[in-house]
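Asks: Following is a predicted model, sequence given first.
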2 protein chains.
Amino acid sequence: MRFVAVDWGTSRIRALLVENGRVLARSESDEGVSRLKPGQHEAIFARHCGAWLAAEPDLPVVLVGMAGSREGWAPAPYAECPAGPDRIAAALTRIDLGAGREAAIVPGLLCLRNGQADVMRGEETHLVGAEVPDGLVCLPGTHCKWALMRNGEVVSFATFLTGELYALLREHSMVGRPATEPADPAGFAEGLAASSLRGGGGGGLLHELFAARAATLTGRLGPERLGPYLSGLLTGEEIAGAFRLFGRPDRVAIVADPPRAELYREALAAEGIAAETRGQEDTLLAGLAVILARSEG
Amino acid sequence: MRFVAVDWGTSRIRALLVENGRVLARSESDEGVSRLKPGQHEAIFARHCGAWLAAEPDLPVVLVGMAGSREGWAPAPYAECPAGPDRIAAALTRIDLGAGREAAIVPGLLCLRNGQADVMRGEETHLVGAEVPDGLVCLPGTHCKWALMRNGEVVSFATFLTGELYALLREHSMVGRPATEPADPAGFAEGLAASSLRGGGGGGLLHELFAARAATLTGRLGPERLGPYLSGLLTGEEIAGAFRLFGRPDRVAIVADPPRAELYREALAAEGIAAETRGQEDTLLAGLAVILARSEG
């Protein structure tokens, strides 16, 4: 199976020429959808993929991620949970590339739980590619996703602001700005211990964040441990929240590359929970291959 | 009782000529300690207070807040909890103003609880002035403080990053930036309902913050309600954390000016908890008068 995959995120675009799960060629830039105005997407797509398309007039093209968002190329309505590969494939949005050619945009997923909505765009493809028929899958990132799988479908999922909040705290807050590099990774376990996952954190995240500031001011927490400490605290709060929503599992599948995957593995191991890790490009390519195959079936 | 009070914060300085709890004159600027370099403090103090001091050679001078911090005029070591007015007065740091004159810097408080440190600078004076012998006192702000009082002493306290995190989210995050003004205050109760104080928020704050984003994206939460929603969510999480640490009270004393005091009163009323409110300048002046009187006793 041979196709062009475009992973168009908020801050980057990554175009891949794929054959049987292998990347034959790639083209990337920082032209993520957050930097683009309406009408710019087609030319950027053509610059990254034009040569591949010209050489192979029948090559399928699939776009994933923020390409289908409000700031993207064309709006691709969310598919609604529970959703597996068939439902996602049936909800592909087609855009006309001219000369009788189309590209397919993978829909994001919408999940309604207790009257609250949650959304993803891109992670649904990694979830299909992770091939976890039943259980909990964790997708760390700026907006971390935890998904509950049953019979190969995404039954429910929840997003956590972990990565974005960490960046905010490090760049803009009194709490995180004193952190120094190179960091001492031992701070991660200390922050984890202060989180509600590990029985700390009676006062909740808002208090524990200031406690990190107080520990810095009083010399209890060195600035080289502060960054990993905040990461451990936030990661622990995220995992505790996911377990409250979806139950405490025996094992978790993590879709992430090192070193992030290792941090989640460490946090779960502290609770005696096994973790298996899959790389992000592997799950992306596998997921797109399944979705494209179902759309042709 | 007549004295000069200087409330020197992170972002502002406010000098007051006080007599029997009334402000006779005031002088303010944005020369908070975060903008100053070592050596600049004395001249700024003189510009604000010089005329008052020249006119009355025996007028006592007291500084409160960040004047005694690392970035302040002179380091004033924390007094340690439990601490009441006597202990605070005994820990005043004296600085030489020349010509045989001194100023006193009120120490901040340090609290150790379960091996964790917490700190305050300035709020100890408001707590003395609030005159709540026993019970819970809430001091909203950038770094909100909750203090447990017993027999007129601060037994323990905890700080919450509520105000700073709200500002970070509004100014820098994908979650808060879409919020529009004028805001619809009805969003506050909706955010409060999503917090763990009101039984929402099973996924925790990191999830509820993204849920606000998802609700905005899917049109469930209008941008005019988003700011108050985030404020309600954070306030509810803060109050829930304070109750976990200090127990759930029948009533709370709030030291804040409107409209912030009213938001806390609304959040507590939703839980059937009574609140009494004291203005910030009243508690500052009352607290300084008590501390000065004890230091002379």
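Replies: Alright, I've got the coordinates. Residues are numbered from 1 along each chain as shown, chains lettered A, B, ... in the order given.
Asks: Send me the helix ranked longest in chain A as CSV with only the CA atoms.
Replies: Ranked by residue count, the top helix of chain A under DSSP state H comes out as helix A:223-246. C-alpha atoms of helix A:223-246 as CSV (Å, rounded to 0.1, in the frame of the first residue of the first chain):
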residue,chain,number,x,y,z
PRO,A,223,16.5,25.2,40.4
GLU,A,224,18.0,22.3,38.5
ARG,A,225,15.3,20.0,39.9
LEU,A,226,12.4,22.5,39.4
GLY,A,227,11.6,21.7,35.8
PRO,A,228,11.4,17.9,36.2
TYR,A,229,9.6,18.5,39.5
LEU,A,230,6.8,20.4,37.8
SER,A,231,6.7,17.8,35.0
GLY,A,232,6.3,15.0,37.6
LEU,A,233,3.7,16.9,39.5
LEU,A,234,1.6,17.6,36.4
THR,A,235,2.1,14.1,35.0
GLY,A,236,0.9,12.6,38.3
GLU,A,237,-2.1,14.8,38.4
GLU,A,238,-3.0,13.9,34.8
ILE,A,239,-2.7,10.1,35.4
ALA,A,240,-4.7,10.3,38.7
GLY,A,241,-7.4,12.2,36.8
ALA,A,242,-7.5,9.6,34.0
PHE,A,243,-7.8,6.8,36.5
ARG,A,244,-10.7,8.5,38.2
LEU,A,245,-12.5,8.8,34.9
PHE,A,246,-11.7,5.4,33.4
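Asks: quick check: mean pLDDT across the helix or strand containing A:Gly163?
Replies: Per DSSP states H and E, A:Gly163 falls inside helix A:162-172. Averaged over helix A:162-172, pLDDT sits at 97.
Asks: Kindly report the same for stretch A:129-149.
Replies: On average, stretch A:129-149 scores 97.
Asks: and that stretch, which residues are buried?
Replies: Neighbour counts over stretch A:129-149 (16 or more other C-beta atoms under 10 Å in any protein chain shown) mark A:129-130, A:132, A:135-149 as buried. C-betas here are computed from N, CA, C, even on glycine.
Asks: filter those residues down to the ones near chain B?
Replies: Among the buried residues of stretch A:129-149, proximity to chain B is found for A:His143 (C-beta under 8 Å from any C-beta of the partner chain).
Asks: what sits against the residue of chain A most remote from its centre?
Replies: Most distant from the centre of chain A: A:Thr218, at 36.5 Å, with distances by C-alpha atoms, centre = their mean. A:Thr218 makes contact with B:110, B:117, B:119 under the criterion C-beta atoms under 8 Å, 6 or more residues apart in numbering or on different chains.
Asks: Dig out what the first one forms beta bridges with.
Replies: Beta-bridge pairing for B:Leu110 (DSSP bridges): B:Glu80, B:Val119.
Asks: isn't A:His173 right up against B:Tyr166?
Replies: Just to correct that, residue A:173 is Ser rather than His. No. A:Ser173 lies out of contact with B:Tyr166 (C-beta atoms under 8 Å); the separation is 11.6 Å.
Asks: what about the helices in the stretch 101-250 of chain A?
Replies: According to DSSP state H, counting those that start in this stretch, the stretch 101-250 of chain A carries its helices in the segments A:123-130, A:162-172, A:186-194, A:205-217, A:223-246.
Asks: Can you tell me which of those helices is packed in deepest?
Replies: Each of those was scored by mean neighbour count; the highest is helix A:123-130, a mean of 27, by mean count of other C-beta atoms under 10 Å in any protein chain shown.
Asks: Please work out which residues outside that one touch it.
Replies: With contacts defined as C-beta under 8 Å, 6+ apart, helix A:123-130 is touched by A:64, A:79, A:83-85, A:88, A:106-109, A:137, A:139, A:145, A:147, A:149, A:154, A:157, A:253, A:255, A:278, A:280, A:282-291.
Asks: Go again with 6 Å.
Replies: A:64, A:85, A:88, A:106, A:109, A:137, A:139, A:145, A:147, A:154, A:253, A:255, A:278, A:283-284, A:286-288, A:290 (C-beta atoms under 6 Å, 6 or more residues apart in numbering or on different chains).
Asks: before we move on, the earlier item: got the helices of the stretch 101-250 of chain A as a markdown table, with distance to B:Trp73 columns?
Replies: Shown next, in a markdown table, are the helices of the stretch 101-250 of chain A (distance: least, C-beta to C-beta, whole Å):
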| stretch | distance to B:Trp73 |
| --- | --- |
| helix A:123-130 | 52 |
| helix A:162-172 | 27 |
| helix A:186-194 | 32 |
| helix A:205-217 | 17 |
| helix A:223-246 | 24 |
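Asks: Report how many residues lie close to the nearest residue to A:Phe210 once chain neighbours are set aside.
Replies: With C-beta to C-beta, 6 or more residues apart in numbering or on different chains as the criterion, A:Phe210 has its nearest non-adjacent residue at 4.1 Å, and that residue is B:Thr159. Neighbourhood size, B:Thr159 [other C-beta atoms under 10 Å in any protein chain shown]: 26.
Asks: Quick check: B:Thr159 touching A:Leu209?
Replies: No. Counting by C-beta atoms under 6 Å, B:Thr159 does not reach A:Leu209; the two are 9.3 Å apart.
Asks: can you list the residues of the stretch 1-150 of chain A near chain B?
Replies: A:116-119, A:143 (C-beta under 6 Å from any C-beta of the partner chain).
Asks: Generate a ChimeraX selection restricted to the buried entries among those.
Replies: Filtering these down to the buried ones (16+ other C-beta under 10 Å) takes a single ChimeraX command:
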select /A:116,117,118,119,143
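Asks: domain parsing for chain A?
Replies: A:2-131+A:281-296, A:162-278 (automatic domain parsing).
Asks: And what about A:Glu31, helix, strand or coil?
Replies: When classified by DSSP: H, G, I helix; E, B strand; the rest coil, A:Glu31 comes out as coil.
Asks: where's it relative to B:Glu123, distance?
Replies: According to C-beta to C-beta, to the nearest Å, A:Glu31 stands 48 Å off from B:Glu123.
Asks: pLDDT below threshold where in chain A?
Replies: A:297 (pLDDT under 70).
Asks: how about 90 then?
Replies: When residues are selected by pLDDT under 90, those of chain A lie in A:1, A:70-71, A:99, A:114-115, A:199-201, A:296-297.
Asks: Okay, strands next: where are they in it?
Replies: With DSSP state E as the definition, chain A shows strands at residue ranges A:2-8, A:13-19, A:22-29, A:61-65, A:79-80, A:93-98, A:101-105, A:109-113, A:116-120, A:135-139, A:144-150, A:153-160, A:251-255, A:274-278.
Asks: The first one pairs with which strands?
Replies: Okay, so that is strand A:2-8. strand A:13-19 (antiparallel), strand A:61-65 (parallel).
Asks: and the residue lying closest to A:Glu190 once chain neighbours are set aside, what is it in contact with?
Replies: What sits nearest to A:Glu190 in space, not counting adjacent residues and going by C-beta to C-beta, 6+ apart, is A:Tyr229, at 5.4 Å. Counting by C-beta under 6 Å, 6+ apart, A:Tyr229 touches A:187, A:190-191, A:212.
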